[in-house]
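Colleague: Need the 3D shape of this:
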Amino acid sequence: MPRAGLGAAIRAAVGLGVHADFGEAVTKSVRPGEAFLPNRDDQDLSHARD
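Modeller: Numbering: from 1, shown residues only. Next comes the predicted model:
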């Protein structure tokens, strides 16, 4: 599932009572994976546009 939709799915699962709370929903829904760290060069470019 794309990461953008995962938060919505977790929220829906809690709202529908599939999981008792957000902690449980996250524990059951999220798996550790590759970490994405910010690229400082891109960050500087982004801030320069502000």
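Colleague: Give the buried residues for stretch 15-35.
Modeller: When burial is assessed from 16 or more other Cβ atoms under 10 Å, stretch 15-35 yields the following buried residues: 19, 25. Placement of C-beta: from N, CA and C, glycine included.
Colleague: Okay, and Ile10 sits in which element?
Modeller: Under the criterion DSSP states H and E, the helix or strand holding Ile10 is helix 3-15.
Colleague: Does anything pack onto that helix? Which helices or strands?
Modeller: Counting by 3 or more Cβ pairs under 8 Å, 6 or more residues apart in numbering; DSSP states H and E, the packing neighbours recorded for helix 3-15 are helix 22-29.
Colleague: for the helix it packs on, what is the average pLDDT?
Modeller: Per-residue pLDDT over helix 22-29 has a mean of 96.
Colleague: Poorly predicted segments of the chain, please.
Modeller: Along the chain, the model assigns pLDDT under 70 to residues 1-3, 44-50.
Colleague: what's next to stretch 15-35, contact-wise?
Modeller: Counting by Cβ atoms under 8 Å, 6 or more residues apart in numbering, stretch 15-35 makes contact with 6, 9-11, 13-14, all of which sit outside it.
Colleague: Just the buried ones among those, please.
Modeller: Among the contacts of stretch 15-35, those scoring as buried are 10, 13-14 (criterion: 16+ other Cβ under 10 Å).
Colleague: Between these, which sits nearest Asp42?
Modeller: Ile10 (28.0 Å; Cβ to Cβ).
Colleague: residue contacts, that closest one?
Modeller: Ile10 makes contact with 19, 22, 25-26, 29, according to Cβ under 8 Å, 6+ apart.
Colleague: do that again at 10 Å, thanks
Modeller: Neighbour list for Ile10: 18-19, 22, 24-26, 28-30 [criterion: Cβ atoms under 10 Å, 6 or more residues apart in numbering].
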